[in-house]
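>>> prediction below, plus the sequence it came from.
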Amino acid sequence: MKASGEFTGVIPATHPALAGHFAGNPITPGVVLLNQLARTFAEWQVAAHSRAQICEWPLVKFVSPLRPDQPFTIRWTPSAGNTARFTLNVGERVVVTGLCVFEQRP
């Protein structure tokens with residue numbers, strides 16, 4: 001894995017995981033953010049003609065909240081061995097940062 005990957009997205013206010021999650025002041029749950037990260041990792045791998053799949057999240061730091069309908073950017077960067085670093089930002093503000101371990105699939 002050599003090239004970095006960048007993806008943009010938004011979690012809509014109608015997402016079912018947001019119902020009741022801090023009613024009146026909703027934030028996107030961490031599990032929804034991890035799911036979004038996993039999806040973009042898969043897209044990054046397809047673009048690189050790879051079949052790598054995340055098998056571990058040894059480091060995930062939730063730095064600030066993501067509100068529904070806030071546009072965000074995810075950036076994946078290769079790291080040492082079978083690892084990749086990621087950040088999910090709203091503008092310059094970091095929402096989530098961390099590291100994943102992946103394995104190649106046949």
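Nice, I can see it.
>>> wait, what's in contact with L59?
G98, L99 (C-beta atoms under 8 Å, 6 or more residues apart in numbering). Where C-beta positions appear, they are placed from N, C-alpha and C, glycine not excepted.
>>> ignore what I typed, I meant V96.
Taking C-beta under 8 Å, 6+ apart as the test, what V96 contacts is G30, L33, L37, V60, K61, F62, V63, L66, F86, T87, L88.
>>> check which helix or strand covers the spatially closest residue to the last one that is not a sequence neighbour.
Closest residue to L88 apart from its sequence neighbours, by C-beta to C-beta, 6 or more residues apart in numbering: V96 at 4.3 Å. Applying DSSP states H and E as the criterion places V96 in strand 93-104.
>>> which residue of the chain lies farthest from its centroid?
Centroid-distance maximum for the chain: G24 at 24.9 Å, with C-alpha atoms, centre = their mean.
>>> got a pLDDT number for H21?
We note a pLDDT of 69 for H21 in this prediction.
>>> looking at the contacts of V96, which two lie furthest apart in space?
Based on C-beta to C-beta, the longest span within the contacts of V96 runs between G30 and T87 and measures 14.9 Å.
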